[in-house]
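Asker: model the following, please.
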Amino acid sequence: MGGVTDPARTPVEGGEAGTAGFPAPPSRLLEVRRLGTIPYGEALELQADLVRRRRADEIPDRLLLLEHPHVITLGTSSHAEHVLADEDVRRLLGIELFETGRGGDVTYHGPGQLVGYPILDLKPDRRDLHRYVRDIEEVLIRALGDFGVQAGRKEGLTGAWVGDEKIAAIGVRVSSGWITSHGFALNVTTNLDYFDAIVPCGIREHGVTSLERFLGRSVDLEAVSDRVVVRFAEVFGRRLD
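Answerer: Predicted coordinates for the structure are as follows:
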């Protein structure tokens, strides 16, 4: 579930408790881009380009918010047996399969799930991968709290949890120059049946949930996106464009 080795090219999912929740005074700009629904492969290419441009200081910090069509992604510590749906079943369900450079195991993305890809320069004061993961968790926990959901962390695991069910997954990558990519996936109105195609994040003993299922009512994904943006700027000490 991750760790800290060489920050030059370190995919991470998880780590020890950090110092989430203590934002610096807002100073650095955060550009937010809402991209709608885009294919996973296209998002990978976009992130690679933005990481290069952020490292060269051609763009400010940027938060990409989007949805993906049905896709299963394999992290750097994934296990083939955690993909339960074979190629024929995936084709029938319209699910793509991608290997990716993020940390973690197997996860699913699809419609109704808010995906966030922060492209941030963690220098000079946030060069701590464990803190970075904890801070993303804090963003999600606070945003869920805005909808009356008491989410939290689960010891030894990453993400945001409601009881024993994961409502948001995290898998990140930090490249040379402490530039981040990949990020988080928050189940808002997600069809949770698609998670039957995998062992989510390689965790068999716990389930998944969504904001819609927990609240027992429909939820507007854009409203959730708005709260995530506000909480992200708050936790990371950024000013919004």
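
Asker: any stretches of this structure with poor pLDDT?
Answerer: Residue ranges of the chain with pLDDT under 70: 1-26, 78, 199-205.

Asker: quick one, strands of this protein?
Answerer: 9-12, 28-37, 61-67, 71-74, 96-99, 106-109, 113-119, 160-162, 165-175, 179-187, 207-208, 238-240 (DSSP state E).

Asker: would you turn these into TSV with mean neighbour count?
Answerer: Backbone N, C-alpha and C define where each C-beta goes, glycine included. Formatted as TSV, the strands of the chain follow (neighbours: other C-beta atoms under 10 Å):
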stretch	mean neighbour count
strand 9-12	20
strand 28-37	14
strand 61-67	21
strand 71-74	22
strand 96-99	14
strand 106-109	26
strand 113-119	24
strand 160-162	22
strand 165-175	25
strand 179-187	25
strand 207-208	18
strand 238-240	16
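
Asker: need these in CSV with distance to D135, can you?
Answerer: CSV is the format used below for those (distance: least, C-beta to C-beta, whole Å):
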stretch, distance to D135
strand 9-12, 13
strand 28-37, 13
strand 61-67, 13
strand 71-74, 22
strand 96-99, 26
strand 106-109, 20
strand 113-119, 10
strand 160-162, 12
strand 165-175, 10
strand 179-187, 11
strand 207-208, 22
strand 238-240, 11
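
Asker: for V224, grab the count of nearby residues.
Answerer: Summarising burial for V224: neighbours were counted as other C-beta atoms under 10 Å, giving 21.

Asker: distance of it from D88?
Answerer: Using C-beta to C-beta, to the nearest Å, we find V224 at a distance of 34 Å from D88.

Asker: which residues touch the residue nearest to I72 when sequence neighbours are not counted?
Answerer: Closest residue in space to I72, ignoring its immediate chain neighbours: L97 at 5.1 Å, by C-beta to C-beta, 6 or more residues apart in numbering. Contacts for L97 (C-beta atoms under 8 Å, 6 or more residues apart in numbering) come out as V71, I72, T73, L74, V83, R90.

Asker: wouldn't the fourth one be in contact with E99 here?
Answerer: Yes. The pair L74 / E99 is scored as a contact, 4.7 Å apart, by C-beta atoms under 8 Å.

Asker: so how far is L64 from the spatially most central residue of the chain?
Answerer: Central residue of the chain (C-alpha atoms, centre = their mean): F184, 0.7 Å from the mean position. Distance, F184 to L64, by C-beta to C-beta: 11 Å.

Asker: ditto for Y132
Answerer: For Y132, the distance to L64 - C-beta to C-beta - is 16 Å.
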